[in-house]
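K.L.:
Below: sequence and its predicted model.
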Amino acid sequence: MNKFTEIGYIHGLLTEVQQVLESEGESDRLYSYPLRNGLTEMAKIHKQLSGKKYIDRIERSVIYYIEGTHALNEAIANYLYCGRPLWNGVQIRDFSNNSFQELLSELVNSQVNFINAGCNGCSFHQYHQKFSNLKKMKKNAQKDYLEEIEYSFIFYFVHLELNKIFLSEFLPEYYLAGVASLLGEVNVINAVSSRTKMITALASGTMDLGIDMDENGNLRTLSQEELARKFQKKRTWRDFWGSEFDKILRTTDSSAWYKDLQTNNQRNEKPDNTIITKVVGVTFDNRQETIKNLSKGQPIILVCEPHNPYDENAISVRTEGGKSIGYIRRDLAYKLAPQVDRAATTVRGKILAITGGDEGYSYGVNISFSLKG
């Protein structure tokens, strides 16, 4: 397998995640919430700070998002190459890997110092190169420095959030652990980085290709006239997101626009302890054949698998007849496994919806279940 075949293979895995989420009606997780939340975060800072304090906060945030994005690119590549999940689902959702956060804090401080005062050989010296252009722009007092860091703030906020989604979607798919172990490690990392950046460009509306997305989230081909107009425009961040940013900024309470991704990823947990979630791992071990014969309202049962070689907290979702449908997401299973395991009776639920199945898309399953107490 040559370098280009390796890259295509990794790109295909990431594209499959896109397609599955789209087929299950979760396009907003990719194409709406991350961008909206990034704009809202910047609007909140814009309201709180001004002048140098505003620039310093945006600058530090940009460095944090870029370094965080690189870390999750490497985590995705590591899982595919080595099979070791360096992060668990809760850490991904909350971006709370403690050992990494300590290192990230030191790295961000070092990069901020490099941009503003240079470096005489600190322990992070080898990582400064990626910020050399920003340093040069700021040193020369170029008027577009603020424009550049505001653009980067939004783009890399979206990139970081998308990387969280990809890594959290990969982890429950146990067959992917080490699936790329025969490929070149550097090529795996580069392929993950290039593909996630391309998907970020699509999700943030900054991809200058001959495609665009309609109001329903479907891709369409641009006409020659539309493509020409697109390239004639000056491309600043306000060209991409200015009107929506101003709309958020005008609201009395910008948090009213904020749809928390963490809450969204946790799904709906109702006061009666009913949990609604998507089943993962539905495309493996011939589960599609089982799922295509299921329907809304059918009962399901949850079964702990403490001896699962990939995750001791794994919770299998099965039909009443014992056929496997898939698994509870790893981050949710981490919290629920003790409760399911000690339940006096079998934990039962029902199918809320069967999604996908059209035009070559895989079937998906949304379920609900309750835990007492």
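P.N.:
Noted; the coordinates are in hand.

K.L.:
Quick one: the helices in this structure, in order.
P.N.:
Using DSSP state H, the helices of the chain run over 3-23, 27-31, 33-48, 51-82, 89-94, 98-117, 132-139, 145-170, 185-203, 224-232, 237-250, 261-266, 287-291, 330-341.

K.L.:
buried ones in the longest one?
P.N.:
Yep, that's helix 51-82 we're talking about. Judged by neighbour count (16 or more other C-beta atoms under 10 Å), helix 51-82 contains these buried residues: 54-55, 57-81. The way it works is simple: take the backbone N, C-alpha and C, and place the C-beta from them, glycine included.

K.L.:
Repeat that for the last one.
P.N.:
Taking 16+ other C-beta under 10 Å as the basis for neighbour counts, the residues of helix 330-341 that come out buried are Arg330, Asp331, Leu332, Ala333, Tyr334, Leu336, Ala337, Val340.

K.L.:
Show me the domain layout of the protein.
P.N.:
3-264, 267-370 (automatic domain parsing).

K.L.:
helices or strands next to the strand ranked longest in the chain in the packing?
P.N.:
Taking DSSP state E as the criterion, the chain has its longest strand at strand 347-356. The contact analysis (3 or more C-beta pairs under 8 Å, 6 or more residues apart in numbering; DSSP states H and E) places strand 347-356 against helix 3-23, strand 299-304, strand 363-370.

K.L.:
which residues are in contact with it?
P.N.:
20, 23-25, 276, 291-292, 294-302, 340, 362-371 (C-beta atoms under 8 Å, 6 or more residues apart in numbering).

K.L.:
out of those, which are buried?
P.N.:
Applying 16+ other C-beta under 10 Å to the contacts of strand 347-356 flags 20, 23-24, 291, 294, 300-302, 340, 362-369 as buried.

K.L.:
re the thing from before, compute the inter-axis angle for the longest strand of the chain and strand 363-370.
P.N.:
For strand 347-356 against strand 363-370, the angle between stretch directions is 150 degrees (axes from the mean of the first three to the mean of the last three C-alpha atoms, to 10 degrees).

K.L.:
Mind listing the strands strand 347-356 pairs with, and their directions?
P.N.:
strand 299-304 (antiparallel), strand 363-370 (antiparallel) (DSSP bridges).

K.L.:
averaging pLDDT over each of the helices of the chain, which comes out lowest?
P.N.:
In terms of mean pLDDT, the lowest-scoring of those is helix 261-266 (a mean of 40).

K.L.:
The residue lying closest to Arg238 once chain neighbours are set aside: what's it in contact with?
P.N.:
Distances taken as C-beta to C-beta, 6 or more residues apart in numbering put Phe245 closest to Arg238, at 7.4 Å, once the chain neighbours are dropped. Contacts for Phe245 (C-beta under 8 Å, 6+ apart) come out as Leu39, Met42, Ala43, Arg238.

K.L.:
For those, which two are the farthest from each other?
P.N.:
Farthest apart among those by C-beta to C-beta are Ala43 and Arg238. That separation is 13.1 Å.

K.L.:
Among these two, which residue is more densely surrounded?
P.N.:
Ala43 (22 against 14; other C-beta atoms under 10 Å).

K.L.:
Looks like that one contacts Lys247 (just checking).
P.N.:
No: Ala43 lies out of contact with Lys247 (C-beta atoms under 8 Å); the separation is 9.4 Å.

K.L.:
shared neighbours, the two?
P.N.:
With C-beta under 8 Å, 6+ apart, Ala43 and Lys247 have no common neighbours.

K.L.:
buried ones in the longest strand of the chain?
P.N.:
Val347, Gly349, Ile351, Ile354, Thr355, Gly356.

K.L.:
Looking at strand pairing, list the partners for the fifth one.
P.N.:
When bridges are assigned using DSSP bridges, the partners listed for Thr355 are Gly364.

K.L.:
Which residues are in contact with Tyr363?
P.N.:
Tyr363 is in contact with Val282, Gln288, Ile291, Lys292, Ile354, Thr355, Gly356, Gly357, counting by C-beta under 8 Å, 6+ apart.

K.L.:
Can I get these in CSV including distance to Phe155?
P.N.:
Below are these laid out as CSV (distance: C-beta to C-beta, whole Å):
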residue, distance to Phe155
Val282, 32
Gln288, 36
Ile291, 37
Lys292, 39
Ile354, 36
Thr355, 30
Gly356, 30
Gly357, 34
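
K.L.:
just the residues you listed now: which is nearest Ile315?
P.N.:
For the contacts of Tyr363, the minimum distance to Ile315 (C-beta to C-beta) is 14.3 Å, reached by Val282.

K.L.:
if we can go back for a sec, would you format the buried residues of strand 347-356 as TSV with distance to Glu312 included?
P.N.:
Formatted as TSV, the buried residues of strand 347-356 follow (distance: C-beta to C-beta, whole Å):
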residue	distance to Glu312
Val347	18
Gly349	22
Ile351	27
Ile354	30
Thr355	29
Gly356	30
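
K.L.:
Pick out the lowest-pLDDT one from those residues.
P.N.:
Lowest pLDDT within these is found at Gly356 (78).

K.L.:
one step back: including mean pLDDT and distance to Arg318, could the strands paired with strand 347-356 go into TSV?
P.N.:
What follows is the strands paired with strand 347-356, written out as TSV (pLDDT from 0 to 100; distance: least, C-beta to C-beta, whole Å):
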stretch	mean pLDDT	distance to Arg318
strand 299-304	94	5
strand 363-370	89	11
